[in-house]
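>>> Sequence first, predicted model second:
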Amino acid sequence: MEYESERAMPADSRTVFDVASDASALGRWLPADIHVHAIASDLVEGEEAGVAEGVLMRVVPDQLRLEWGTRRTPDYTGWLQVADRADGASSVTVHLSFLGDHPQAHPSGKERNAVQAMLEESLGRLADVVTGRVARAGR
């Protein structure tokens, strides 16, 4: 099952990517039950409450992209892509893929809506963090 959401961001793509890929700021916009920590300059490890499998996220700065997946199986992968817009702002697209026996691979309508809402809420929080960073930089 595939999920995707896109949102306009109030800053240029480099600023948005810097915020989105900052391991110390991930907890401010990711869902509350996901906890992350940097293990290298371009690699973040994450754990979700109640999920035994860890997730690795790779930062790809030259593509303004984050990519992640579970350590042991290909049942869960995702990516975040930042892109420029003509008006000088940017947009962020997040894509999630659930396969195999993963519960979100075969969701009911209610579960599908919950995952979509989680994506949109996370992008809203990312926009808030970006707005705060832009406001502080403008002082």
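Looks like it came in fine.

>>> any idea how far residue 88 is from residue 6?
18 Å (CB to CB, to the nearest Å). Just so you know, the C-beta spots here come from the backbone N, C-alpha and C atoms, and that holds for glycine as well.

>>> Compare these two and say which is more crowded by neighbours.
Set side by side, residue 88 and residue 6 show more neighbours around residue 6, with 14 against 9, by other CB atoms under 10 Å.

>>> helix/strand/coil for the more buried one?
Secondary structure assignment for residue 6 (DSSP: H, G, I helix; E, B strand; the rest coil): strand.

>>> beta partners of it?
residue 93 (DSSP bridges).

>>> could you give me the average pLDDT of stretch 26-36?
Averaged across stretch 26-36, pLDDT comes to 87.

>>> next one: stretch 116-129
Average pLDDT, stretch 116-129: 96.

>>> Residues in contact with it: which ones?
The contact list for stretch 116-129 (CB atoms under 8 Å, 6 or more residues apart in numbering) reads 3-10, 16, 19-20, 25, 28-31, 92, 94, 96.

>>> can you pull out the strands in the chain?
Here the chain has its strands, by DSSP state E, at 2-9, 34-40, 43-48, 55-60, 65-70, 76-84, 90-98.

>>> who wins for proximity to residue 137 among those?
strand 2-9 (14.4 Å; CB to CB).

>>> Which neighbouring elements make contact with that closest one?
strand 90-98, helix 109-137 (3 or more CB pairs under 8 Å, 6 or more residues apart in numbering; DSSP states H and E).
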